[in-house]
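K.L.:
The following comprises the amino acid sequence and a computationally predicted model.
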Amino acid sequence: MKALLLRDLKLAFRSGGGFGLGLAFFLIVAVLVPFGVGPENDLLAKIAAGVLWLGALLACLLSLDRIFALDWEDGSLDLLATSPLPLEAVCGVKALAHWLTTGLPLTLAAPVLGLLLSLPETGYVWLVTSLALGTPALSVIGCFGAALTVGIKRGGLLLSLLVLPLYVPTLIFGAEVARRGTEGLAVSGPLALLAGISLAVIAVLPFVSALVLRINLR
Amino acid sequence: MLTGVGFDLAPGKALILRGPNGSGKTTLLRTIAGLQPLLEGRVHCSEDAIAYAAHSDGLKASLTVAENLQFWAEVFGTSDIDVALTRFDLLTLADRPAHALSAGQKRRLGLARLMVTGRPIWVLDEPTVSLDQASVARFAENVKTHLAGGGMALLATHIDLGLEAPVLDVGVFKADPTSSIGGFDEEFL
Amino acid sequence: MASIWEYANPVKFMRLTDRVLPVVALGAAVCMVAGLIWGFFLTPDDFRQGSTVKIIYLHVPAALIAINAWFVMLVASLVWFIRRHHVSALVAKAAAPVGAVMTLIALITGAIWGEPMWGTWWVWDPRLTSFLILFLFYLGYIALWEAIESPDTAADLTAVLCLVGSVFAVLSRYAVNFWNQGLHQGASVLRAGAVTGSDTEEKVSNVFAVPLFVCIAGFVLLFLALVLLRTRTEIRKRRTAALIARERLV
C-alpha cells in the first residue's frame, strides 16, 4: 500500500503528472473573480471565503479523472485487482494520493489567495481549517465518481456532472464555516457537520468505489 | 461464451490454449484470474497463486524500468528485482524511463513482472506479441525454468515455444447460443 | 403459486402490461381532464391570491411525483441489486426521465406562481433549492445510463449511483435548510404565502382540496402509464438486441 501511494505521488510529480495544474487553476480563478465582480474591497471581502471554497472545489474536480483512468488505460488496474492488495485499500490509497497532490496544496495556498481577495483577518484560520477538513471528503467522493466513469471514453464531463451534486453538502458546510469564521460568528455547528461528512465518506465510500471498480473490470 | 471447458494443471506443467480470434481465450483467462465472475462452474485454485499478464503491461511511462518493477515487487511483497531484470535482459535498460522503450522491450518488462510476483501459476494472454525471435526464445527459457521450479503456466499463444505442453483448443467448447447461459439477454426472448 | 416476482419475467410483464396500460392511461386522462377543468374553472378565486393560486393543480402533483419517482428508482435499483431482475433495472431507467420532467414542471410552475406572490421568479428558498439539486441528480443518473454500452454494467453502476445519490440527496436537503437559515432569516416570512405540499393543503379549504386530489390521482396514473410505456419500449429494445445477437451466432 505504501508502494502504491509512493508510486502515485511520484507519477504526479514527474513530467506530465498534472501536479500543480489544480493549483494554477485555483490561482486563475482567484485572479479572475475581481474582474467579474469589480475591484471594491468591501464586496471582495464579503465573498472571498465562498469564492475560495468554490475555486478549491473546481480545482479538485479538474484532476479527478486521472485517479483511475490512466491505470485503466495501461492495464495496471487489472494487475492491481489481481494483486494481493484489497481493491478497497487501492481506492483509499488513490483518494489519499489525490488529496496529497491536490487538496493539501490548495489548503496551503488558500491564505495567499485570501490576501488577493482581501479576506478579513478573522477569516484565515477558519478558511484553512474548513478546507483542511473538507477537501479529503472532496477527494473521496471524487474517487467514487472516477470509479463510476472509469470505463467510459472521454468521461471527464460526465464525471463532473455526477460528482458536483454530490459535493453540495460538503460545499455548503465548508463555506459556511469559512463565512461564519470571517464574520466572527460561532462555527462549531457547521464545523462538526463538515467533519462528520468527511469522516463518514472516508469510512464508507472506498468500499463502494471498490464495488463499482469490480463491476467495471468485468 | 464457453461451456464444458475442464482441465487440470499439475505443478511443473504448462497448458497452451489455442483457438480462433473471439473464441473466448481472453475471457477464460480473465475468469481464471478472478477478474470476471463465472456464469457456471468452478475454478479450483486460489486467486492468490495466480500472476496474470495480458495485452497491456501496466507500465508507467514516466517511471524507469527498475522503478516499474520495484513497484510490483513491493505490491507482491518480494524485493529481488535483479534476477528478473537479468533473465529478461533488461539490466542495461534499468535506469531508462519506460516511455523510451521499444514495444518489444516494454513487453519484456511486462513479462519480467511475472517473476517478481513470486506466484506459482502464470496466466498469460498472448505473451509473445511484439517480441523478436531471440526474446521469444529467452521467454521460453524463462517459462521452462519457472516450470522446473515447480511453477505452472497457462498460456494463450499461437507461437510454438518449444514447451512440452498439451494444447487445448477452446474453439470446440463454444457455448450453444440458444442455451440459457449465453452472454446475451435470453430472458427477453 | 402466484408470486409478484413472476412478473419480473419480461415476457409475462409484457403480457400483463399490454392489458393494464390502456386502463391506466385512460384513468390518467379522465382524472387529469376532470381535475384540471374542475380546478381551473369551477372553483372560486382565492380572496388573497386571486386566480394565481390555481397553478397549484399543476404544481403540487408534479412536485409529489418528482420526489416519488426517485423513490421508485431507489426501490427498483435495490430489487435489481438483490434479485437481478432485468425488468426492475429497466423500470428504474424508465422512471428517471419522467421524474426529471416532473421536477422541471414543479420548478417552472413554482417560478410562475412565485413571481406575482413574491415579486421575483426565483428565491433561494430551501425547498426550491432542494428541487434544483434533485433535478441535477436526475440529469447525472440519466447521463450515466446513456454513457455505458453494456446494459448489465449500466444497470449495476446506475443502481449504485442511485443508492449513493439518495443518501447525498437527503444530506443536501438537510444542508440546504441549514445554509438558508444561516443566510437570510427573512425567508420564512416570504414562505408564509406557502410554496408546496403540506403548507398549502392546510390552508386550502375543501373547495380547492377535492379537485386537487383528483389532479394528484391523475398525475400518479400518468406517471404509472409513462413508466410502463417506457419500460415496454426498453424491453422491446433489449429483445431486438438479443434477437440480433442470436442471429449472428447461429
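P.N.:
Yep, it's here.

K.L.:
how about the host helix or strand of residue C:22: buried residues?
P.N.:
Element membership of residue C:22, judged by DSSP states H and E, is helix C:10-41. With burial defined by 16 or more other CB atoms under 10 Å in any protein chain shown, the residues of helix C:10-41 counted as buried are C:10, C:13-14, C:17, C:21, C:24-25, C:27-28, C:31-32, C:35-36, C:38-39. Placement of C-beta: from N, CA and C, glycine included.

K.L.:
Enumerate every residue touching the closest residue to residue B:98 other than its chain neighbours.
P.N.:
With CB to CB, 6 or more residues apart in numbering or on different chains as the criterion, residue B:98 has its nearest non-adjacent residue at 4.6 Å, and that residue is residue B:59. Residues near residue B:59 by CB atoms under 8 Å, 6 or more residues apart in numbering or on different chains: A:74, A:76, B:68, B:98, B:106, B:109-110.

K.L.:
Next to chain C, which bits of chain A? Give me the list.
P.N.:
Proximity of chain A to chain C, by CB under 8 Å from any CB of the partner chain, involves residues A:144, A:148-149, A:151-152, A:155, A:158, A:161-162, A:164-166, A:168-169, A:172-173, A:176, A:180, A:189-190, A:193, A:197, A:205, A:208, A:211-212, A:215-216, A:218.

K.L.:
Narrow these to those in strands?
P.N.:
Assignment to strands by DSSP state E places none of those there.

K.L.:
just the buried members of those residues?
P.N.:
A:144, A:148-149, A:151-152, A:155, A:158, A:161-162, A:164-166, A:168-169, A:172-173, A:176, A:180, A:190, A:193, A:197, A:205, A:208, A:211-212, A:215-216.

K.L.:
what mean pLDDT does stretch B:32-40 have?
P.N.:
Across stretch B:32-40, pLDDT averages out at 80.

K.L.:
circling back: narrow the residues of chain A next to chain C to those in helices?
P.N.:
Among the residues of chain A next to chain C, DSSP state H puts A:144, A:148, A:158, A:161-162, A:164-166, A:168-169, A:172-173, A:176, A:180, A:189-190, A:193, A:197, A:205, A:208, A:211-212, A:215-216 in helices.

K.L.:
what helices or strands is the helix holding residue C:22 leaning on?
P.N.:
Counting contacts by 3 or more CB pairs under 8 Å, 6 or more residues apart in numbering or on different chains; DSSP states H and E, helix C:10-41 packs against helix C:56-83, helix C:86-118, helix C:206-249.

K.L.:
Grab the nearest non-local neighbour of the residue most central in space within chain B.
P.N.:
When chain B is reduced to its mean C-alpha position, the nearest residue by CA atoms, centre = their mean turns out to be residue B:124, at 1.5 Å. Distance criterion CB to CB, 6+ apart; nearest residue to residue B:124, sequence neighbours excluded, is residue B:155 at 4.7 Å.

K.L.:
Give me the neighbour count for the one you found.
P.N.:
Neighbours of residue B:155 under the rule other CB atoms under 10 Å in any protein chain shown: 25.

K.L.:
what's the answer for residue A:203, then?
P.N.:
Residue A:203 has 10 nearby residues by other CB under 10 Å.

K.L.:
do residue C:235 as well
P.N.:
22.

K.L.:
ok, it to residue C:69 distance?
P.N.:
19 Å (CB to CB, to the nearest Å).

K.L.:
cool, residue B:69 as well?
P.N.:
Per CB to CB, residue B:69 is found 53 Å from residue C:69.

K.L.:
which SS class is residue B:168?
P.N.:
Secondary structure, DSSP: H, G, I helix; E, B strand; the rest coil: residue B:168 is strand.

K.L.:
Go ahead and confirm it touches residue B:17.
P.N.:
Yes: using CB atoms under 8 Å, residue B:168 is in contact with residue B:17, at 5.5 Å.

K.L.:
tally of neighbours for residue 5?
P.N.:
Defaulting to chain A. If you count neighbours by other CB under 10 Å, residue A:5 ends up with 15.

K.L.:
Please refer instead to chain B.
P.N.:
Around residue B:5 there are 16 residues (other CB under 10 Å).

K.L.:
Assign it to helix, strand or coil.
P.N.:
Going by three-state DSSP: residue B:5 is coil.

K.L.:
Now do the same contact list for the closest residue to it other than its chain neighbours.
P.N.:
In space, and not counting its chain neighbours, residue B:5 is closest to residue B:173: 4.7 Å by CB to CB, 6+ apart. Residue B:173 makes contacts with B:2-5, B:24, as judged by CB under 8 Å, 6+ apart.

K.L.:
okay, residue B:173: pLDDT?
P.N.:
What the model reports for residue B:173 is a pLDDT of 75.

K.L.:
Torsion angles phi and psi at it?
P.N.:
With angles defined as degrees, to the nearest 10, residue B:173 sits at phi -100, psi 10.

K.L.:
closest to chain B out of the helices and strands packed on helix C:10-41?
P.N.:
With distances scored as CB to the nearest CB, the stretch of the helices and strands packed on helix C:10-41 nearest to chain B is helix C:206-249 (3.5 Å).

K.L.:
and that closest one with helix C:86-118, angle?
P.N.:
Here helix C:206-249 runs at an angle of 140 degrees relative to helix C:86-118 (axes from the mean of the first three to the mean of the last three CA atoms, to 10 degrees).

K.L.:
roughly how far out does helix C:206-249 sit from the chain middle?
P.N.:
Chain-centre distance of helix C:206-249: 12 Å, with CA atoms, centre = their mean, to the nearest Å.

K.L.:
and the residue of chain B positioned farthest from its centre, what does it touch?
P.N.:
Going by CA atoms, centre = their mean, the residue of chain B most distant from its centre is residue B:189, 37.2 Å out. Counting by CB under 8 Å, 6+ apart, residue B:189 touches C:239, C:242-243, C:246.

K.L.:
For residue A:215, which non-adjacent residue is spatially closest?
P.N.:
Excluding the flanking residues, the one nearest residue A:215 by CB to CB, 6+ apart is residue C:156, at 4.6 Å.
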